[in-house]
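>>> Structure for the following, please:
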Amino acid sequence: MMGKIKKLGDAELEIMMVLWEVTEPVTSSYILEQVRDKRKWGLSTLMTILARLADKGFVHCDRSTRTNYYTAKIGEKEYKLKESSSFLEKLYGNSLQNLIVTLYDGKTISKKDLYALREIIDDIDEREWHGDK
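Here you go, the predicted structure:
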């Protein structure tokens, strides 16, 4: 399944972020309200993007009632994992070290961030050592 996930455009990702935040199916009006501060879309624009997301396999539309309800078919974690792997492979040759050095050299992350990252790595090592995967 992971290999078949398509890339999302910015507008599509914004809609998916709304759907990932909720546990219940939502209406197009709800989605429109959630993106209102970032996007000045009309309902027809939103419906076009939702249809595209459905075609890509990201969204399910329940049309069993008079009101259509939308849910995410692909989870946030699943999408982020796929996109992160693709990003790391394409731009950094699968080298996490190259990514971190680039971010540090570009002042995107600080020395404090590096210490926090070291703590995360140490925690993962500790869990692996004790078999707490």
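>>> which residues of this protein fall in helices?
Ranges of helices in the chain, per DSSP state H, are 10-21, 28-35, 43-56, 76-92, 96-105, 111-129.
>>> Out of the ones you listed, which gets nearest to Tyr69?
Of all the helices of the chain, it is helix 28-35 that lies closest to Tyr69, at 9.1 Å by CB to CB. (Glycine included, C-beta is placed from N, CA and C.)
>>> what's the closest of the helices of the chain to Arg66?
helix 28-35 (12.9 Å).
>>> The closest one: which residues count as buried?
Using 16 or more other CB atoms under 10 Å as the test for burial, helix 28-35 gives Ser28, Ile31, Leu32, Gln34, Val35.
>>> For it, what is the distance to the chain centroid?
Centroid separation between helix 28-35 and its chain, computed with CA atoms, centre = their mean, to the nearest Å, is 18 Å.
>>> same question for it, mean pLDDT?
Mean pLDDT, computed over helix 28-35, is 95.
>>> so what does it touch, helix or strand wise?
helix 10-21, helix 43-56 (3 or more CB pairs under 8 Å, 6 or more residues apart in numbering; DSSP states H and E).
>>> Can you add mean pLDDT and mean neighbour count and give those helices back as JSON lines?
Shown next, in JSON lines, are those (pLDDT from 0 to 100; neighbours: other CB atoms under 10 Å):
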{"stretch": "helix 10-21", "mean pLDDT": "96", "mean neighbour count": "17"}
{"stretch": "helix 43-56", "mean pLDDT": "95", "mean neighbour count": "15"}
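>>> Out of those helices, which is closest to Asn94?
That would be helix 10-21 among the helices and strands packed on helix 28-35, by CB to CB, at 23.3 Å.
>>> Relative to the whole chain's centre, how far out is the closest one?
On CA atoms, centre = their mean, the centre of helix 10-21 falls 8 Å from that of its chain.
>>> Format the CA atom coordinates belonging to it as PDB.
C-alpha atoms of helix 10-21 as PDB (Å, rounded to 0.1, in the frame of the first residue of the first chain):
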ATOM      1  CA  ASP A  10      -0.500  22.100  -0.800                       C
ATOM      2  CA  ALA A  11      -4.300  22.700  -1.000                       C
ATOM      3  CA  GLU A  12      -5.000  19.000  -0.800                       C
ATOM      4  CA  LEU A  13      -2.700  18.700   2.200                       C
ATOM      5  CA  GLU A  14      -4.500  21.500   4.000                       C
ATOM      6  CA  ILE A  15      -7.800  19.600   3.600                       C
ATOM      7  CA  MET A  16      -6.200  16.300   4.800                       C
ATOM      8  CA  MET A  17      -4.900  18.100   7.900                       C
ATOM      9  CA  VAL A  18      -8.500  19.000   8.700                       C
ATOM     10  CA  LEU A  19      -9.700  15.500   8.200                       C
ATOM     11  CA  TRP A  20      -6.800  14.000  10.200                       C
ATOM     12  CA  GLU A  21      -7.700  16.200  13.200                       C
END
